[in-house]
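S.K.: Sequence and predicted structure below; questions after.
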Amino acid sequence: MIPIELFSHKSETVHVAAGEALFREGEEGSLMYVLNTGNAEVFIKNRLVETLEHGSIVGEVGLVSPGPHSASVIAKTDCEFVAVDEKRFQFLVQQTPFFATRVMRIMAERLRATDKLLSAANA
């Protein structure tokens, strides 16, 4: 998880009602989001792969390499996400070096989990 305090200054918030999508698999994306309040779920090919809580990040791949989302994020409860654009991301990386390392770890963990999930599905 990422300390939400890093995003408290000049950040855009996105409110998502329970049952609604922050974004859907296949939609174009170029922002990263940090979950500030509520709980949400991540689905790949309609399969639940992760539950998000306060401080969780999503959309980080789209921020680094804009393109279609590889998953859908659905609010389990009413949620508030903080949107992070590339300019804010670069600022955070420069000012808080552990931030970049944490984002890379999250990306690596998700890649491993997705590979494991797909391997199990193909077995």
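M.R.: Ah, there it is.

S.K.: wait, Lys29 sits on Ser70?
M.R.: If you look again at residue 29, you'll see it is Gly, not Lys. No: distance between Gly29 and Ser70: 9.5 Å, which falls outside the contact criterion (C-beta atoms under 8 Å). Using the backbone N, CA and C atoms, a C-beta is placed for each residue, glycine as well.

S.K.: neighbour count winner among these two?
M.R.: Shown here are Gly29 and Ser70; by other C-beta atoms under 10 Å, Gly29 has more neighbours (21 against 15).

S.K.: Tally up the residues packed near the nearest residue to that one once chain neighbours are set aside, please.
M.R.: Excluding the flanking residues, the one nearest Gly29 by C-beta to C-beta, 6 or more residues apart in numbering is Gly62, at 3.4 Å. Using other C-beta under 10 Å, Gly62 has 20 other residues around it.
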